[in-house]
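K.L.:
Below: sequence and its predicted model.
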Amino acid sequence: MPLVDGLNQPVKAGPKEFEGLHLVPVPDEEKPAEALKWLDYYRKERRSLVMAMESCVKCGLCAEHCHTYLGTKDPNNIPAGRADLMRKVYKRYFTVQGKLFGKLVGAEEISMRTLEEWFSYYYQCTECRRCGHVCPFGIDTCEVTMIGRQILYNIGMIPKLHAATDVAILRTGNHMALTPSGIVDTLDFLSDEIEEERGFRIEFPVDKPNSDILYVPSSADFFLNPDTLKGAAEFFEYIGANWTISTRITEAGNFGYLSDQTRVQRELVNRVWEEVARLGVKKVVWGECGHGWRAAKMYIPTMSDYPTRMRVPITHILDEVAAYIKAGKLKLNPKNNFRAQGLPVTLHDPCNYARACGLVENLRVDLYASVTEVREMNPNREKTFCCGGGSGVLFDDPEMYQLRIKFSQKKADMIRATGAKVLCAPCSICKAQFHAMIPEHKLDVKLYGLIDLVGAALDFKGHRQV
Amino acid sequence: MKYFLVQILPYFTVALFLGGIVWRIWRWMIARIVHNITLSPFPSNWVAAILWILWQMVFFWNVLKFDPWLWVGAWPMHVALFSILGGHVLGIYTLGTQFHLLFPWLITEAQSEHASEFLGTFFGIIFFVALVYLLVRRLTLTRMKVLSSTSDYLHLLLLLAISGVGNYMRLVEGAGVTYAEARTFLAGLFTFNPQPFPDNWFFFTHFLLVQLLMIVFPFSKLMHSFGIMWERWIVNRPYKEAPLGLPGVKLRLD
């Protein structure tokens, strides 16, 4: 399955997932025509798509700045080339030159082969926006990838991973299909762990009515990164917050944003406001997740159909921590950081923080105050390279897994060059990718989120329970 | 035939050129900017955002920063192109006395004509050489070869042909036409009062190729000259951060 006509592809969703998504897939022979209808719809809907289709001069600048091209040397992984998979169809049907001159201007009829190529390459792009950052015109190929994935979703071509996650979102409000009892149970266990580490217990309030703060953690934290949950709890405990975690929106990420922005992404947006109303929340604090924070910060305002008077501010936990550090309210002791343990730390700037959310300097405020030694990667900040797993391309089937290793090659080289022993990646997907890639690239680093390290450096002496 | 090409076709060309540009931009404007997809670091206000867009447009900042070898060809090519366009308008309209008219106390008419000649030759050569550089780049680099379609080469060849003929007229003694001849003819076109076309085949070729360029322009990637503004308007816009500080906590920020 993963190799279709020589194309690397993730395993596709089947009847079970379609049922869960209430989606009727279009029969294969009608797919090209249907895809074309959707392309026509989106070109009249999204200016970012039209401009990406019509402004590229093929200067080739983006090639050497895209980690997927650097890793695979596949011309269709050059951002301009990847957009061209859609552009050649767009030209053929929606431009004068394409209708008149066809191949001469690079226009091409749509076919099932075209769609298979879209499916392959739009699920190799990690939507990291590095091409948008370097492009002289600011063409954001991420927009092309997103629309490409959306059209494929509409006609019933979805990777099994994304479809299954979308089903879980609709059913439970999180990616990992965590149930309320599972959430309470895990958090109780984490409270026990904190008690062992620190000698006192910190509770995780769940679904607590009349809470001031709703903390939205990534559901992956419950399995892969418990320290991130613990770090957040330590921070909220330290500042004495009246906070809670909701079992209906235990998800900072948003796979809908990465596959279906019309319905699945909206599901999580609406759940936020429903829970804000139900729990009487005054502020929503977002957990560590790159694309999720972008989906929340930049998309909720324009995507939510809840009235504005029912909305409350949404901020990121790392921004809030930075504000407290800048105000000198947190007593942090880097030397006693029991997670970093005095080892040199390097910071991975998640793409969505760096290029879409403006969360760059605050990461550094948090990190420099919490650990003894930071070694910056090069390039960093908004020039950061993707971990290679962005936009949920965390596929496990062998061919796609090999690609993940290639996509992360550049990042692995950068990490190795710093000589750091701790890798701080404040993003759930980056963490999931690194958990697998650290052994693949034989990197000698321990992996943490950022709030994990802040929490571990918090000095509770003379404060509350100690 | 020749009468049609030099006296009648230009009106259609200009109509197609201007109408085509308006049509393309109108098509862009149909679609909305749905979500805020501004690139961070965000400009703090609209003035900063527009300054940043202008900075990018004037200096090709991203090209210089991320691919200096492309900048070496692309920036001089565009600067030369705009200088040449300006030179054509001013030089022909004022018969080469534009600098005298600008600074009459500083530059005499004869000096202005010399300067006009010199700058025209200078930018003409830069333009041609830069285009050759860009063409060679497109023909030799692997990533450029796989990205390019036939039209990408044809655009470059068309520009090369136009500037090649233009340079030939300027550099070879007696091959070109004088400013006055060109002005008489063009003034005739502008005032709908046809004047004889200068009897010069190079000028004829030059004139015809430029018309071809103007017809192709709105229906090709050459529209990137306008596209950059519309694209950057989407991705370079200010963003106002939500205020920080948590409600109901014991340890307050203020």
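P.N.:
Yep, that arrived.

K.L.:
Give the other helices and strands that the lengthiest helix in chain B contacts.
P.N.:
For chain B, the longest helix by residue count, based on DSSP state H, is helix B:109-140. For helix B:109-140, the elements it packs on are helix B:68-94, helix B:98-102, helix B:142-147, helix B:150-171, judged by 3 or more C-beta pairs under 8 Å, 6 or more residues apart in numbering or on different chains; DSSP states H and E. To be clear about C-beta, it is placed using only N, CA and C from the backbone, and glycine gets the same treatment.

K.L.:
what mean pLDDT does that helix have?
P.N.:
Averaged across helix B:109-140, pLDDT comes to 94.

K.L.:
for stretch A:31-49, same thing?
P.N.:
95.

K.L.:
Is chain B within reach of it?
P.N.:
Yes. Using C-beta under 8 Å from any C-beta of the partner chain, stretch A:31-49 reaches chain B at A:43, A:44, A:45, A:46, A:47, A:48, A:49.

K.L.:
residue contacts, residue B:169?
P.N.:
B:175, B:176, B:177, B:200, B:202, B:203, B:206 (C-beta atoms under 8 Å, 6 or more residues apart in numbering or on different chains).

K.L.:
you'd agree residue A:302 is up against residue B:37?
P.N.:
No. Using C-beta atoms under 8 Å, residue A:302 is not in contact with residue B:37; the gap is 10.1 Å.

K.L.:
Those two - which one has more neighbours?
P.N.:
Counted by other C-beta atoms under 10 Å in any protein chain shown, residue A:302 and residue B:37 do not tie: residue B:37 has more neighbours, with 21 against 11.

K.L.:
Just read off the phi/psi values of the more buried one.
P.N.:
Backbone torsions of residue B:37, given as degrees, to the nearest 10, read phi -120, psi 30.

K.L.:
Kindly report the residues of the stretch 351-466 of chain A close to chain B.
P.N.:
A:354, A:355, A:356, A:357, A:358, A:359, A:360, A:382.

K.L.:
just curious, which of these is nearest to chain B?
P.N.:
residue A:358 (3.6 Å; C-beta to the nearest C-beta).

K.L.:
which residues touch the closest residue to that closest one other than its chain neighbours?
P.N.:
Counting by C-beta to C-beta, 6 or more residues apart in numbering or on different chains, residue A:358 lies nearest to residue B:40, which is 3.6 Å off, once chain neighbours are set aside. Residue B:40 is in contact with A:354, A:355, A:356, A:357, A:358, A:359, A:360, A:382, B:239, counting by C-beta under 8 Å, 6+ apart.

K.L.:
Surely the second one is in a helix?
P.N.:
Yes. With DSSP: H, G, I helix; E, B strand; the rest coil as the criterion, residue A:355 is located in a helix.

K.L.:
Now do the closest residue to it other than its chain neighbours against residue A:53, distance only.
P.N.:
Nearest non-adjacent residue to residue A:355, counting by C-beta to C-beta, 6+ apart: residue A:129, 4.5 Å away. Separation of residue A:129 from residue A:53 (C-beta to C-beta, to the nearest Å): 17 Å.

K.L.:
count of residues packed around residue B:102?
P.N.:
By other C-beta under 10 Å, neighbour count at residue B:102 equals 12.
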